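*Asks:* After the sequence you'll find the predicted model.
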Amino acid sequence: MTRFIIRRLGISFLVLLGGSLLMFVLTINSGDPLEDLRESNDPNRDNLMAQRIANMGLDQPWYERYADWLGGVAGCFVGECDLGQNRAGVNVSSMLTNAASATLRLVIAATLLAIVVGIFFGILTAIRQYSGFDYTVTFGAFLFFSLPVFWAAVLLKEYGAIRFNDWIAQPDLSLTTMIIVAVVVGFLVQGMLGGDLRRRLLTGGGTALFVLAALVYFDAVSWWRQPALGFPVVALVSIGAGALIVMLTTGFGNRRVVYAVGTTVGLGLVSYLAFSGLLADPSWTILFALFALSMVVAVASGWLLGGFSRRTAIWNTVVVAIIMGATIVADKALSAWAGYLDEQPRPISTIGAMTPNFEGTFWQEFLDKGTQLILPTAVLTLLSLASYTRYTRASMLEVLEQDYVRTARSKGLSERTVISKHAFRNALIPLTTIVAFDFAGLIGGAVLTETVFGW
């Protein structure tokens, strides 16, 4: 095994070395680095050309220049990293660091969203095979997969940025718009949950009425410009998330897991009240420290109260803690939205990764970077969402036909247990090979997206 790993690493190194050599030769022959100076009327043009030739080593053979570059790259692993300078004299390492940080922030967010949402819809469409919901998601998946990146980006800039900024200045929803949104959401929810006609009507109608009432309330209190969740909503979301996760994994019959998740939710809500002053204007160090503390509490709750289901309890408590943390962050960020709108009347920008020279509280700066991230992330997510949905659906349908799934059903296990414990886990195995390729593809595909959005 060791020899095999070493051999594969050696082959990978040779491939990277050959690829870098080919790219280097193509790059140095793709243009003239002195073109701007040759066209210049500056009387000092010859001296500037001589200086650039000396700085960039243009008077050396290509193999000597490649050896110098390769030595600087090797210094990134052992010694001091030196990737040289561009023709303007700017250090390439600093430029690469800034560009890579922006790209990775964009690509990681898009990849995580595509994985979570794609797997969610893939599982649902497999369970609701050949239903109206299945056909709708399939149509949407192929539609998103076929969208040109530049065209989708331009549409989002028009409707997601320009027109939204016009609307948020004086937000107002007509009753017709509210009804349409409520009906669409109710239709999607009843399609996901399924059931007989009576159950579908009750689910869709109840959801539509709830969404309509929420939109009317939000519009009446100007929630769009002064949003907030508050402790009651955070508590409801936390309790609901805990109940949903327990129901999907072990069910409420396993009291040990229920106690562990309940303890995590209770301690999380108490911590939310205790650290509310600290969270008013924190720093990234404080947020990461509180996140680490929440993980320790979650693991400890699952370990101490999980009993024989300790492993399952730990997974449940960790997921609940992550959802609670995200809800609390959303609550604090939304509370800062009104102040952010005072500083940025048009919050969704069409270009740039952040507002230049923007100064505000921690949550206002968080919103500034987050709003710049919404549109390009949405473009990349939509393009990747289709593949994850289709792969998950196909993998789930294949697993559901396996003998061990039929055996689990014949033993009398509930459909929830069969899907969540037997089918779901095995259906995710083929997706692990897709994630790596998709992540690399997103980095390459982000070039067009970053160009359109000026990242």
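*Replies:* Done, it's in.
*Asks:* now residue 117, nearest residue through space, not along the chain?
*Replies:* residue 385 (5.9 Å; CB to CB, 6 or more residues apart in numbering). From N, CA and C alone the C-beta is placed, and that goes for glycine too.
*Asks:* average pLDDT for whatever helix or strand residue 439 lives in?
*Replies:* Per DSSP states H and E, residue 439 falls inside helix 431-453. Per-region confidence: helix 431-453 scores 74 on mean pLDDT.
*Asks:* ok, back up a step: what's the spacing between the residue nearest to residue 117 and residue 157?
*Replies:* Look at residue 385 and residue 157: by CB to CB, to the nearest Å, they are 20 Å apart.
*Asks:* Just the buried residues of stretch 12-23, please?
*Replies:* Within stretch 12-23, no residue counts as buried by 16 or more other CB atoms under 10 Å.
*Asks:* Run through who's touching it.
*Replies:* Contacts with stretch 12-23, where a contact means CB atoms under 8 Å, 6 or more residues apart in numbering, come from 66, 70, 73.
*Asks:* By neighbour count, which of the residues you listed wins?
*Replies:* residue 66 (16 neighbours; other CB atoms under 10 Å).
*Asks:* tell me the secondary structure for the spatially closest residue to it that is not a sequence neighbour?
*Replies:* The spatial neighbour of residue 66 that comes closest, neighbours along the chain excluded (CB to CB, 6+ apart), is residue 24 at 5.1 Å. Following DSSP: H, G, I helix; E, B strand; the rest coil, we place residue 24 in the helix state.
*Asks:* which residues sit against the helix or strand that contains residue 168?
*Replies:* In the assignment (DSSP H and E), residue 168 maps to helix 163-169. Contacts with helix 163-169, where a contact means CB under 8 Å, 6+ apart, come from 224-225, 341, 345-348.
*Asks:* on that earlier part again, so which of the contacts of stretch 12-23 sit within helices?
*Replies:* Among the contacts of stretch 12-23, the ones falling in helices (DSSP state H) are 66, 70, 73.
*Asks:* Give me the pLDDT for the second one.
*Replies:* pLDDT for residue 70: 87.
*Asks:* when you give positions from now on, start the count at 624
*Replies:* Right, with 624 as the first residue, what we last looked at is residue 693.
*Asks:* And the residue nearest to residue 689, how far from residue 640?
*Replies:* 11 Å.
*Asks:* Repeat that for residue 754.
*Replies:* For residue 754, the distance to residue 640 - CB to CB - is 52 Å.
*Asks:* who's in contact with residue 707?
*Replies:* 679, 691-692, 695, 715.
*Asks:* Poorly predicted segments of the stretch 974-1078 of the chain, please.
*Replies:* In the predicted model, the stretch 974-1078 of the chain carries pLDDT under 70 at residues 1064-1068.
*Asks:* Show me the helices in the stretch 724-873 of the chain, by range?
*Replies:* Secondary structure of the stretch 724-873 of the chain (DSSP state H, counting those that start in this stretch): helices at 755-769, 772-779, 786-792, 798-816, 820-843, 853-872.
*Asks:* where does this protein have low pLDDT?
*Replies:* The low-confidence ranges in the chain, as defined by pLDDT under 70, are 817, 1064-1068.
*Asks:* In it, which residue is most central in space?
*Replies:* residue 732 (2.5 Å; CA atoms, centre = their mean).
*Asks:* Could you check how far it is from residue 990?
*Replies:* 15 Å.
*Asks:* Same check on residue 631?
*Replies:* Counting by CB to CB, the gap between residue 631 and residue 990 amounts to 45 Å.
*Asks:* who's more crowded, these two?
*Replies:* residue 990 (22 against 10).
*Asks:* from what I can see the more buried one touches residue 953, true?
*Replies:* No: between residue 990 and residue 953 there is no contact under CB atoms under 8 Å: 11.0 Å.
*Asks:* count of residues packed around residue 759?
*Replies:* 14.
*Asks:* typo on my end, residue 969
*Replies:* Neighbours around residue 969, by other CB under 10 Å: 15.
*Asks:* Find the nearest non-adjacent residue to residue 886, please.
*Replies:* Closest to residue 886 by CB to CB, 6+ apart is residue 924, at 4.6 Å.
*Asks:* Of all the helices of the stretch 724-873 of the chain, which one comes closest to residue 1077?
*Replies:* helix 772-779 (10.7 Å; CB to CB).
*Asks:* If you count contacts, what does that closest one end up packed against?
*Replies:* Where contact means 3 or more CB pairs under 8 Å, 6 or more residues apart in numbering; DSSP states H and E, helix 772-779 is packed against helix 985-1023, helix 1054-1076.
*Asks:* Pick out whichever of residue 1008 and residue 780 has more residues nearby.
*Replies:* residue 1008 (24 against 20).
*Asks:* List the contacts of the helix or strand hosting residue 1031.
*Replies:* If you go by DSSP H and E, residue 1031 is part of helix 1026-1033. Identification of contacts with helix 1026-1033 by CB under 8 Å, 6+ apart yields 1022, 1038, 1040-1041, 1045-1046.
*Asks:* looking at those, which has the most residues close by?
*Replies:* Busiest of the contacts of helix 1026-1033 [other CB under 10 Å] is residue 1046, holding 26 neighbours.
*Asks:* need the contact list for that one.
*Replies:* Contacts of residue 1046 by CB under 8 Å, 6+ apart are 1019, 1022-1023, 1028.
*Asks:* Quick one, which of these are buried?
*Replies:* 1019, 1022-1023, 1028.
*Asks:* can you pull the contacts of the residue nearest to residue 865 when sequence neighbours are not counted?
*Replies:* Nearest residue to residue 865, sequence neighbours excluded (CB to CB, 6+ apart): residue 884, at 4.5 Å. Going by CB under 8 Å, 6+ apart, residue 884 touches 865, 868-869, 924, 936, 939-940, 943.
*Asks:* and which of these is nearest to residue 1057?
*Replies:* residue 868 (25.1 Å).
*Asks:* So the closest one is in contact with residue 944, correct?
*Replies:* No: between residue 868 and residue 944 there is no contact under CB under 8 Å: 10.9 Å.
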